[in-house]
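Enquirer: Just the structure for this:
(2 chains)
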Amino acid sequence: MSRLSWFNVTSLTLGFAFLYLPMVILIIYSFNASQLVTVWAGFSTRWYGELLRNEAFLDAAWVTIKVAIMSSTLATVLGTMAAYVLVRGGRFMGRTLFSGMIYAPLVMPEVITGLSLLLLFIGIGLDRGVLTIVLAHTTFSMCFVSVVVSSRLLTFDRSLEEAALDLGCSAFDAFRLVTLPIIAPAVVSGWLLAFTLSLDDLVIASFTAGPAATTLPIKIFSAVRLGVSPEINALSTIMIAVVTVGVITASLVSKRSMVRKQKEERAAGQT
Amino acid sequence: MAQTVFAPWDEPAEKPLIRFRNVTKRFGSFVAIDDLTLDIFEREFFALLGPSGCGKTTMMRMLAGFEDPTAGAIELAGEDIAAVPPNKRAVNMMFQSYALFPHLSVYENIAFGLRRDKRPKADLDDRVAEMLKLTRLEKFARRKPHQISGGQRQRVALARSLAKAPKLLLLDEPLGALDAKLRQATQFELMDIQEKTGTTFVIVTHDQEEAMTVASRVAVMDEGRIMQVATPERIYEAPDSVYVADFIGEVNIVSGRARAIGDERYAVEWQEGQTPLIAASERPFADGQPCHLALRPEKVAIHAEQPSDIDNAVQGKILDIAYLGNLSTYHVEVPGGQVIKAQTANTRRISRRSYTWEDTVWLSWTPTAGVLLPE
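Expert: As a prediction, this is how the structure comes out:
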């Protein structure tokens, strides 16, 4: 192993500073005792307490989580179905068109997606609220799920499904008992992706949210427009902590299962 | 006690289990199976042998129900199975990749098909235990497929496809992923299991040795057509076309013109200025008809001096010697430039090499050693 040269150390420091300095500052200021965001007045957890008593924020957080769970679940079901048909359905009229169209929302500007959904909801007379946000989030996160799932299905050994059919399964049973358990990790990561996309979406939610239901990002954004409060810092710090813990846990779990599988495969080769 | 020979294909009264009737399969403009007719009988171990792309896998997939014939009919036990979906056919398949379900244990893999039949628990347990015993996998029942070796996986795949006691078992290159030693052992195991269960096996393979070892009959295929269907002995000793003779084992093909010289005996003019070769043939040839003499290398003897009292003797020069351990193959150039291979068994350990490169030698064979084939 070569030692780090001064050049490498510098670029590493610069890179990480660029990525993490803003977050570190935010976390530090969330423990500020002062009412003024930019003036340090000693360590305190006061703003975390205030946050817990702020009904509006708690409501928004609850709406956000509800929306995220419902929309990501719906998007996972629809996205998996779409991926399955596109990968497995064989050739049918307009298949290329359909697979192209399913990726379109990935590159579509969010403002346009949001605006078109807003027009749709007004057109059909649907009152804006939790339901409309869920539908909107499902629409745009479904294609992410279908991208993740279809890339897994492309490497899926087709003969596994044929074996299931051969052993007496109906097509649906083959999917339920063989395909789904095997592609489950991809489906789960598709769900997680949809979940996080829904959690931090601001643009589409602000088009489709109504006075009855506001999500956390909208709440934060509008609060910040009136001036940054230390409460927001505390809230953001909590969100960073949750995301960090989630990511680290997920990578530890997947790494451990991979190591175990490798070990077992090596052991199998020797028997 | 003399054993009766298993040969239902020679019994006109015997009803075939599987019947391909003028089956054609096209993928777009590509003809995978070309107007093929074939009978396979109960308890047979039938091998479909051919190079890749000859249609053997397509035939198997049609039997399993994954492909439908474009024209013609496939009958299983007298019934047309075209309309029967794969999950309703009394046919099971062992896949080339084994297709074991990675998320299920060995036990659950074997039980998978039985569970679809909603069998009572005790019944199912008994059947799985029986299959585990048959394939000697009792110790591995709780393992997952990635926790066992390749040979064990192969046996799990076999046990799983046999568990439902199908009328017909299809094996798609079942031993392709195993190394040579294990493959040989497994071939005998397969034959043993086939005999014990009495199931009809159809095996697809491109390995001629494998087909010859396991099968009661072999169908040699080429470009969607069956070239010959016969027992391994007949395929090897009495091929009915140059293609089959050439595909199975090594063969020397000497081309010439036939001339009848007696009862089922022909002289083959093969090279100007050379004595004609004498060959016996039940197949009639007209005088002057072009023909090919197919001659297996092991039936050609090699001598230092001109042999006497033998019908066919040709002088030549040794070009190459291939020492294979148990056998040596001599490549001998005969007049006209053709190279004929002669094979001798090395029955003695470290015997003195009698012949070396550039030696002039004599090759000889009897009239019945070769097969005379038409164009």
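Enquirer: what sits against the one residue in the stretch 251-375 of chain B that gets nearest to chain A?
Expert: Residue nearest to chain A within the stretch 251-375 of chain B (CB to the nearest CB): B:Gly325, separated by 29.0 Å. To be clear about C-beta, it is placed using only N, CA and C from the backbone, and glycine gets the same treatment. Neighbour list for B:Gly325: B:Asn346 [criterion: CB atoms under 8 Å, 6 or more residues apart in numbering or on different chains].
Enquirer: quick one: pLDDT of it?
Expert: For B:Gly325, the pLDDT comes out at 85.
Enquirer: In which helix or strand does it reside?
Expert: Assigned by DSSP states H and E, B:Gly325 belongs to neither a helix nor a strand.
Enquirer: same deal with the one 5 residues further on?
Expert: If you go by DSSP H and E, B:Tyr330 is part of strand B:327-333.
Enquirer: Can you tell me which helices and strands the helix or strand following that strand packs against?
Expert: The first helix or strand that comes after strand B:327-333 along the chain, using DSSP H and E, is strand B:339-345. Counting contacts by 3 or more CB pairs under 8 Å, 6 or more residues apart in numbering or on different chains; DSSP states H and E, strand B:339-345 is packed against strand B:252-262, strand B:301-303, strand B:312-323, strand B:327-333.
Enquirer: Can you list the buried residues in the shortest one?
Expert: Residues B:Ala301, B:Ile302, B:His303 are the ones in strand B:301-303 that count as buried (16 or more other CB atoms under 10 Å in any protein chain shown).
Enquirer: Make a markdown table from those residues and add distance to chain A to it.
Expert: Converted to a markdown table, those look like this (distance: CB to the nearest CB, whole Å):
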| residue | distance to chain A |
| --- | --- |
| B:Ala301 | 47 |
| B:Ile302 | 46 |
| B:His303 | 51 |
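Enquirer: what ranges do the helices span in the stretch 101-250 of chain A?
Expert: With helices called from DSSP state H, counting those that start in this stretch, the stretch 101-250 of chain A shows them at A:110-123, A:130-154, A:158-166, A:171-174, A:180-200, A:203-208, A:216-225, A:230-270.
Enquirer: closest to B:Pro12 out of those?
Expert: Closest approach to B:Pro12 among these is made by helix A:158-166 (33.5 Å; CB to CB).
Enquirer: pLDDT of that closest one, averaged?
Expert: Rounded mean pLDDT across helix A:158-166 is 94.
Enquirer: I'd say B:Arg19 and B:Ala77 touch.
Expert: No - counting by CB atoms under 8 Å, B:Arg19 sits too far from B:Ala77 to count as a contact (9.3 Å).
Enquirer: more neighbours, these two?
Expert: Set B:Arg19 next to B:Ala77 and count neighbours by other CB atoms under 10 Å in any protein chain shown: B:Arg19 wins out with 19 against 14.
Enquirer: Tell me who's in contact with the residue most central in space within chain B.
Expert: Residue closest to the mean C-alpha point of chain B, counted by CA atoms, centre = their mean, is B:Ala211 at 3.1 Å. Counting by CB under 8 Å, 6+ apart, B:Ala211 makes contact with B:Ala47, B:Leu49, B:Ile203, B:Thr205, B:Val218, B:Pro232.
Enquirer: Which ones among those residues lie within helices?
Expert: Using DSSP state H, the subset of these located in helices is B:Pro232.
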